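Q: Return atomic coordinates for the entry below.
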Amino acid sequence: MRCVIARFPFDLIKSDVQESMKGIKPEPVTGESVIIGRRHYPVKQVGEVITGQDRRDFSASEVTRALTRLGFTCRAVPTPAEPPVLTPLETASALLGAPERV
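A: Numbers count the residues shown, from 1 in each chain. Next comes the predicted model:
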């Protein structure tokens with residue numbers, strides 16, 4: 001499949017992408033990610049490996065678009081979980097601590 005990443009054309013094939021990511025340890029995922037095999041890789045890490053370009057030269061959305069078209073599962077930035085809203089009684093109980101059991 002032909003795609004353009006950072007104004008450069010690339011001919012990407014799913015099996016070539018999988019092969020190029022073999023043996024590469026995934027970095028911690030803090031933004032958009034892609035599942036290749038059974039591993040979750042940051043999209044920028046995969047883009048750097050398959051294009052040979054610096055991560056600052058392309059956006060995550062460019063690589064996500066290309067990988068999605070190849071058939072990979074891409075995930076958006078995880079949304080932080082909202083802390084549970086406590087009632088005033090639950091808040092006071094949490095501040096005072098639970099009674100010790102004897």
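Q: Quick one: list the elements packing against the helix or strand harbouring Ala66.
A: If you go by DSSP states H and E, Ala66 is part of helix 60-70. Helix 60-70 makes packing contacts with strand 2-5, helix 14-21, strand 33-36, helix 43-51, strand 73-75 when contacts are defined by 3 or more C-beta pairs under 8 Å, 6 or more residues apart in numbering; DSSP states H and E. Bear in mind the C-beta positions are built from the backbone N, C-alpha and C, glycine included.
Q: Swap in 7 Å and give it another go.
A: Here helix 60-70 touches strand 2-5, helix 43-51, strand 73-75, going by 3 or more C-beta pairs under 7 Å, 6 or more residues apart in numbering; DSSP states H and E.
Q: Next, the angle helix 43-51 makes with that helix.
A: Helix 60-70 and helix 43-51 are oriented at 70 degrees to each other (axes from the mean of the first three to the mean of the last three C-alpha atoms, to 10 degrees).
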